[in-house]
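Q: Using only what follows, build the 3D model:
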Amino acid sequence: MTESVAGWSPDPTGRHELRFWTGVRWSDHVCDGQETSIDPLVEAPPVAVSAASTASTDQPRTYARARPTDPGGLWWTTKHWRLPSWAWIVVGSLTVVMVGISAAIGDKPVAAGTDTERAGPTSTVLSTTIAWTGPATNRATTTATRTTTLAGFGNGTGLVNKDIAPGRYIAAPSTNCYWARLSGTGGTLGEILADGNSSGQVIVDINATDAAFQSSRCSRFAPYVPPPSAGFTIGEGAWVVGEQLQPGTYRTANVAGCHWSRKRDATGGLQSIIADGIVDGDAIVTIRAGEVFESVRCKTWYRT
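A: Numbers count the residues shown, from 1 in each chain. The predicted structure is shown next:
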């Protein structure tokens, strides 16, 4: 199998400008302009309902599910199925109960702030779908939705646990991206917990104890989602070993001022550094699963 350099390339589906190539396959990470997001490469096929489901109520009704492509899939048909009128009274009562429960436990959506690039830490809406199908004149359907989304954010300063949820975030490569984790918003150097400057992919861990997070000249930060497989070649920036990048020994050649570092996490602090080095010429380094590997001015790394 031919392996190529991991990185951002034109989206083969045409839905976005860029999609991340792991070196082995396409991932769910996409980029439009300077904003990254998650869009699965392949969407699940819709469920098809046979035309018989729209037939007259005087005729036997047939409900069919589309035949799956896998050999172990389910293919079934039910004929001559009809509920007595008393059953629909029960259905109506259940529908009222479900609507009441949904209204009682549903969370309110997070209101957007003045900064249109920043959303709240979570956006939650309750959603459950229950469909009762029988004669067309006695059909009851209750639909609600529950989704929980960890929102991304753009450049600027946001308060952690209010504007930004704690967690691991990823940003696509951009020119001279600067970010900083802050212990306060007074603007002093002493409030900088850790910071970084990169023109490659950015990975950063934001802790719940951080007061704020600041960034400038960066692509939009999105919640980090591990790709389906890890690659064997990488370019500039930070990479999660064992998820984006296979563990092992890597080599790069003919570099000048190459700075690499192996880290315990992506918080950016000095205490997270396991080892680092500055190299001219050829560089070789062994990295292990669970680490974050970052490099600047090192060109492309290949696993040996």
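Q: how about residue 238, what does it touch?
A: 198, 200, 201, 202, 203, 204, 266, 292, 293, 294 (C-beta atoms under 8 Å, 6 or more residues apart in numbering). (C-beta placed from N, C-alpha, C; glycine too.)
Q: tell me the contacts of the second one?
A: By C-beta under 8 Å, 6+ apart, the residues touching residue 200 are 173, 235, 236, 237, 238, 295, 296.
Q: Of those, which is the most crowded?
A: residue 295 (28 neighbours; other C-beta atoms under 10 Å).
Q: Where do the helices of the protein begin and end?
A: 85-105 (DSSP state H).
Q: Flag the shaky bits of it, pLDDT-wise.
A: 1-4, 43-93, 95-150 (pLDDT under 70).
Q: sorry, back to before: wait, which of the contacts of residue 200 is closest to residue 33?
A: Nearest to residue 33 among the contacts of residue 200: residue 173, at 12.9 Å, using C-beta to C-beta.
Q: Double-check the closest one against residue 217; I have them as touching.
A: No - counting by C-beta atoms under 8 Å, residue 173 does not reach residue 217; the two are 11.4 Å apart.
Q: Now the buried members of the contacts of residue 238.
A: 198, 200, 201, 202, 203, 204, 266, 292, 293, 294 (16 or more other C-beta atoms under 10 Å).
Q: Out of those, give me the two with the largest separation.
A: Farthest pair in the buried ones among the contacts of residue 238, by C-beta to C-beta: 204 and 293, 14.4 Å.
Q: what's the burial count for the residue lying closest to residue 275 once chain neighbours are set aside?
A: Leaving aside its sequence neighbours, residue 275 sits nearest to residue 262 (C-beta to C-beta, 6 or more residues apart in numbering; 5.0 Å). Neighbour count of residue 262, defined by other C-beta under 10 Å: 19.
Q: what pairs with residue 262 across the strands?
A: residue 275, residue 293 (DSSP bridges).
Q: if we can go back for a sec, let me know the closest of the contacts of residue 238 to residue 256.
A: Using C-beta to C-beta, the contacts of residue 238 come closest to residue 256 at residue 200, 16.6 Å.
Q: Contact partners for the nearest residue to the closest one once chain neighbours are set aside?
A: Once flanking residues are discounted, residue 200 sits nearest to residue 237: 2.5 Å by C-beta to C-beta, 6+ apart. Counting by C-beta under 8 Å, 6+ apart, residue 237 makes contact with 173, 198, 199, 200, 201, 202, 203, 294, 295.
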